[in-house]
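>>> sequence first, then the predicted structure, then my questions.
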Amino acid sequence: NAGVTQTPKFQVLKTGQSMTLQCAQDMNHEYMSWYRQDPGMGLRLIHYSVGAGITDQGEVPNGYNVSRSTTEDFPLRLLSAAPSQTSVYFCASSYSGTGGGLFFGSGTQLSVL
Amino acid sequence: KQEVTQIPAALSVPEGENLVLNCSFTDSAIYNLQWFRQDPGKGLTSLLLIQSSQREQTSGRLNASLDKSSGRSTLYIAASQPGDSATYLCAVGYGQNFVFGPGTRLSVLP
């Protein structure tokens, strides 16, 4: 049982490049979400999904895109990377939305030059 | 809008002390409250999950309480050890999402 798996662990991009952060869970969780964590800012919600085919915006969605075609996968796309998107990104999932506890992936350290 | 705060922001104690970390939230309409531990450069590890109908949860030297009506939770760590040094975050299940506090950075000195 792998839990929540994020790839890659580290990534360096140049301004304007695009990329996809991958997130997969094998716990059959309906709820999945993406956070970014910046020093002094805490964890901020980017996008979330309450089931396959359903996504919604969180607190800081601009510059990011998501889709949820399967229960297992919830990729986060950076459309045109900017230095302000330098951060640590975490994917998390929960069995029954906010009724269950959150399980986190190990994170992706992203640097945009 | 739900807001979650944590006091203190940082705490330094000698090894062996019992300590309490505090988490407060503004709207009592929560589904649950979860305490996490985060080591530097690492992900978040779940410590305890308290459902809204529960008053407390215990795991080893950790005990978390929940008072929904007053909007407060406490994490009690007994007989602290240097290995407990980390940032501790609380999060409440609220609406369709989870709202996080800013964390308490704990240092346990040998």
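Structure received. Numbering: from 1, shown residues only, chains lettered A, B, ... in the order given.

>>> after the least confident helix or strand in chain B by mean pLDDT, which helix or strand is next?
Taking mean pLDDT, DSSP states H and E as the measure, chain B has strand B:97-100 as its least confident helix or strand, at a mean of 92. Using DSSP states H and E, the helix or strand that follows strand B:97-100 towards the C-terminus is strand B:104-109.

>>> is the residue nearest the centre of chain A part of a helix or strand, or is it coil?
Geometric centre of chain A, nearest residue: residue A:34, 2.9 Å, by CA atoms, centre = their mean. Classification of residue A:34 using DSSP: H, G, I helix; E, B strand; the rest coil returns strand.

>>> I'd say it and residue A:6 touch.
No: under the criterion of CB atoms under 8 Å, residue A:34 is not in contact with residue A:6, lying 9.7 Å apart. (Glycine included, C-beta is placed from N, CA and C.)

>>> how about the residues of chain B by chain A?
Contact residues, chain B versus chain A (CB under 8 Å from any CB of the partner chain): B:31-32, B:34, B:36, B:42-46, B:49, B:51, B:89, B:91, B:93-98, B:100-103.

>>> of those, buried ones?
B:31-32, B:34, B:36, B:43-44, B:49, B:89, B:91, B:93-94, B:97-98, B:100-103 (16 or more other CB atoms under 10 Å in any protein chain shown).

>>> what's the pLDDT at the residue nearest to residue A:37 when sequence neighbours are not counted?
Setting aside the residues directly before and after it, residue A:37 is nearest to residue A:88 in space (CB to CB, 6 or more residues apart in numbering or on different chains), at 4.7 Å. pLDDT, residue A:88: 97.

>>> quick check: which element contains residue A:88?
strand A:87-94.

>>> returning to what we had before: the least confident helix or strand of chain B pairs with which strands?
In the sheet, strand B:97-100 lines up against strand B:86-94 (antiparallel) (DSSP bridges).

>>> what angle sits between the partner strand and strand A:87-94?
Between the axis of strand B:86-94 and that of strand A:87-94 there is an angle of 50 degrees, by axes from the mean of the first three to the mean of the last three CA atoms, to 10 degrees.

>>> what's strand B:86-94 in contact with?
Here strand B:86-94 makes contact (CB atoms under 8 Å, 6 or more residues apart in numbering or on different chains) with A:42-43, A:97-100, A:102, B:2, B:4, B:6, B:21, B:23, B:25, B:27, B:29-40, B:44, B:47, B:73, B:75, B:98-106.

>>> filter the residues you listed down to the buried ones.
Among the contacts of strand B:86-94, those classed as buried by 16+ other CB under 10 Å are A:42-43, A:97-98, A:100, A:102, B:2, B:4, B:6, B:21, B:23, B:25, B:30-38, B:44, B:47, B:73, B:75, B:98-106.
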